[in-house]
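**Q** Could you work out the structure for the sequence below:
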Amino acid sequence: MTYSEWQDVLDSDALAVARQLDELLPGPLYTLGLDGVRKFAAPTPPPRTTRVASVEDRIVTSGAEPENVSVPVRIYQPDRPTRAGALLYIHGGGFTVGSLDGVDELCRIIANEACCVVVSVDYRLAPEHRFPAAMIDVRAAYDWLRANAAELGVAPSQLAVGGDSAGGGLAASLCLDLRQRRVPQPVMQLLVYPAVDDQFTRPSWTEFKDAPLLDAGTAQWFWKQYVGESLTDLDELAVPLKAGSLAGLARAHIATAEVDPLRDDGEAYAAGLHEAGVAVRLQRYTGVFHGFFPEVQTYAKSRRAVLDACESLQLAFGLGPSATPVDQPDNLLVVGTEANRPGIFGASGVPCDR
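**A** Have a look, this model is predicted:
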C-alpha cells in the first residue's frame, strides 16, 4: 500500500513519514538486501538536544558468562540529584540493525523523566551473530549492572529492563532467563511493540501485512536473519511466547502501535502475563506504525508514549506520591489508548527530587 491508502488510519505525523518512505523505498524494506537495509537504517548523528548530567561509553564484561564477552554500553546519568534506579535499555532493529546512536535522544529523555540511570546496550547483530549471541550480550550487560549498580548511585534491587521491537523481545527474554537462573527479577520490564512470537498468524499480521516501514515480509526476513533457517528448535529465550508459564516475571509496561504486524503478538504477551498473575499496563497508540517510539522529534505520539513509560518506571522505582509497587494488586491489568490513558501520576508525573 502507498501512503495515500493509509490516510484514514494514520495520524498526520505518521502519514508524513509514510509519504517519505513511499518516495525512498522502491518496495518492501527487505528487498534492499542486508547491506541496503543497513545503509537505509543507519542513523544520522544523534541531535543530543536533551541535556543530562553525563554520558559515558564503556566496554563491560560479566564474570558470570562462560564466554569472554565484552559488551559496549552507553551510560546516562539524569540531570537531577535523585537516581531512583537504573534502566537497561535494548535498542530495536530487527536484531540486524540498530545502534547506541539510534536511541541516544530517547535514552536521554528517559533518564531525566524517569529520574534514573539508563544503560544502553550495543549487542551483537545478526546474521553475523545469530541467536543466542544478542541474548548472551544482554545477559552479560545486566549481570554487570547488578554487580556495579552502587558505582552508578543506585541499589541493585532498583533495576528495570526495557527495549523496543527486537530490543523489547530481548528484554522479555532476559526476564525469562533471570527466572531460569533464579536471579531476582527487575522491578519492571518495558516492552515496546516487542518481538515475542515466531508464528506470524495473529490478525494484525494479515491486517497490516503492507504496513509502512515494517511490513509482514520484512518482519519475517529480520527474524530469519536472527535465528537462521532452523525455525523449530527455538526455546523461550528466543520466543518468549513459547514459555510454558509467565508466572513470577517482572511487572510490565507494554506499548503497541495500531498499524503494526507485531501488535497482536505484544498484546497477547500482555494477556499471558496478566493471566499468570503479573501486573501489566498495556497501551495501544493509535494512528502510528512500528518504529515510532524512539522518534521523539518526529511523532507527538512518541513523546506521549515515552512519558507514559517514564510514569510506569517512576511507579516501579517507588517515586509515586501515593501508589507504590506493593500498593497495586499483583495481577493489575490497565488497558487503554493514549486518548484514554489511565494515569498513574497524572498528566505530568512527579518531580524526581521530591
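**Q** alpha carbons only for contacts and neighbour counts from here, please
**A** Noted.
**Q** pLDDT of the host helix or strand of residue 89, averaged?
**A** Using DSSP states H and E, residue 89 falls within strand 85-90. The average pLDDT within strand 85-90 is 98.
**Q** Please enumerate the strands of the stretch 1-150 of the chain.
**A** 54-61, 70-77, 85-90, 116-121 (DSSP state E, counting those that start in this stretch).
**Q** Dump these to TSV, plus distance to residue 295 and mean neighbour count.
**A** Formatted as TSV, these follow (distance: least, C-alpha to C-alpha, whole Å; neighbours: other C-alpha atoms under 10 Å):
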stretch	distance to residue 295	mean neighbour count
strand 54-61	20	14
strand 70-77	18	21
strand 85-90	15	29
strand 116-121	16	28
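**Q** just so I know, which of these lies nearest residue 28?
**A** Closest to residue 28 of these is strand 85-90 (C-alpha to C-alpha; 25.1 Å).
**Q** partners of the closest one, with directions?
**A** Strand 85-90 has the following strand partners under DSSP bridges: strand 116-121 (parallel), strand 159-164 (parallel).
**Q** and residue 6, which of the ones you listed is closest to it?
**A** Closest among the strands paired with strand 85-90, once you apply C-alpha to C-alpha, is strand 159-164, at 23.3 Å.
**Q** now for the following helix or strand past that closest one, which elements pack on it?
**A** Toward the C-terminus, strand 159-164 is succeeded by helix 166-180 as the next helix or strand (DSSP H and E). For helix 166-180, the contact count by 3 or more C-alpha pairs under 8 Å, 6 or more residues apart in numbering; DSSP states H and E identifies strand 85-90, helix 133-148, strand 159-164, strand 188-192 as packing neighbours.
**Q** Let me have those in CSV, adding distance to residue 101 as columns.
**A** Listed next are the helices and strands packed on helix 166-180 as CSV, based on distance: least, C-alpha to C-alpha, whole Å:
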stretch, distance to residue 101
strand 85-90, 12
helix 133-148, 17
strand 159-164, 14
strand 188-192, 18
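**Q** gap between residue 318 and residue 121?
**A** Per C-alpha to C-alpha, to the nearest Å, residue 318 is found 25 Å from residue 121.
**Q** What lies in contact with stretch 113-120?
**A** Stretch 113-120 is contacted from outside by 73-78, 80, 82-91, 100, 107-108, 110-111, 152, 307, 310-311, 313-314, 352, using C-alpha atoms under 8 Å, 6 or more residues apart in numbering.
**Q** Ok, stretch 75-84 next?
**A** So stretch 75-84 is contacted by 51-58, 107-108, 111-112, 115-120, 153-154, 158, 314, 317-319, 352-353 (C-alpha under 8 Å, 6+ apart).
**Q** how far away is residue 137 from residue 251?
**A** 23 Å.
**Q** In terms of neighbours, single out the busier of the two.
**A** residue 251 (27 against 23; other C-alpha atoms under 10 Å).
**Q** Next, give phi and psi for that one.
**A** The phi/psi pair for residue 251 (degrees, to the nearest 10) reads phi -60, psi 150.
**Q** which ones are touching it?
**A** 187, 188, 189, 278, 279, 280.
**Q** Now do the fifth one: how many residues are near it, please.
**A** Read it as residue 279. Look at residue 279: counted by other C-alpha under 10 Å, it has 24 neighbours.
**Q** Please state the offset of the strand holding residue 89 from the chain centre?
**A** Computed by C-alpha atoms, centre = their mean, to the nearest Å, the chain-centroid distance of strand 85-90 equals 10 Å.
**Q** measure the spatially closest residue to residue 122 that is not a sequence neighbour to residue 121 for me?
**A** Spatially, and ignoring its direct neighbours in sequence, residue 122 is nearest to residue 72 (5.4 Å; C-alpha to C-alpha, 6 or more residues apart in numbering). Between residue 72 and residue 121 the distance, using C-alpha to C-alpha, works out to 6 Å.
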